[in-house]
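J.: Here is my input, please return the structure:
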Amino acid sequence: MTPEEQRSRFRALFDENHLPLLAYALRRTSDATDAAEVLADTMLVAWRRIDDVPLGDESRPWLYGVARRVLGNRQRADGRLRRLAQRLALEVGELVVHPTEHVPDQLWVRAALRALDDVDREVLTLTAWEGLTPGELAVALGIPAATARTRLYRARARLGAQLDATDVERSESPGHVLDEGHRPIRDSEEVR
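T.: Residues are numbered from 1 along each chain as shown. The predicted model follows:
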């Protein structure tokens, strides 16, 4: 079949079958947008496999079979997405610290971070909060590793100076640092 014959065949196939296929999809989906997507995916398969589509009266049942498989794939994907969203919601719930925990310390650190320039703030948050190593930081910023280490060293020094200068009251001793969970560690505690 020539490309022009394929296009002509597809147009005829679409014209004859799109309304019954859309009705089929509307009866099996929650809204018109989903039904339209099922129709579009079904017709995409028909276009890609135009030489495999049976001729005559057998084409519509073949298209219904494709639409049925498209619906099944969408339902399985939706189920996977729902399960993933539930799992992520549980994980986020476990990771998120209660908003009132360590409020004075959070205010103190956030105030100091806000006083830094954007580059220093990004370098510090990528390493401290996102857990990037200096090498990974270099990749994320698109700079050489030595430059990333230097920026990190300088940003830490500026943050330390800013923390000392910040006027927000602190609930812990002035000589503490933050651990990986962003919890203040007193000088007397062991750093892991």
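J.: so how far is Val109 from Ala32?
T.: Using CB to CB, to the nearest Å, we find Ala32 at a distance of 50 Å from Val109. In short, each C-beta sits where N, CA and C put it, glycine included.
J.: Would you mind telling me which of the two has more residues around it?
T.: Set Ala32 next to Val109 and count neighbours by other CB atoms under 10 Å: Val109 wins out with 22 against 11.
J.: Am I right that that one is in contact with Leu163?
T.: Yes: the criterion here is CB atoms under 8 Å, and Val109 meets it with Leu163 at 7.2 Å.
J.: Phi, psi for Trp129 please.
T.: Torsion angles at Trp129 (phi, psi; degrees, to the nearest 10) stand at phi -90, psi -40.
J.: From Val123, how far off is it?
T.: Counting by CB to CB, the gap from Trp129 to Val123 is 11 Å.
J.: higher neighbour count, those two?
T.: The neighbour comparison of Trp129 against Val123 (other CB under 10 Å) goes to Val123, with 25 against 11.
J.: Skip the chain neighbours and tell me the closest residue to the more buried one.
T.: Ala155 (4.5 Å; CB to CB, 6 or more residues apart in numbering).
J.: What average pLDDT does the lengthiest helix in the chain get?
T.: Criterion DSSP state H: the longest helix present in the chain is helix 59-95. Mean pLDDT, helix 59-95: 88.
J.: Identify each buried residue in it, please.
T.: 59, 62-63, 66-67, 70-71, 74 (16 or more other CB atoms under 10 Å).
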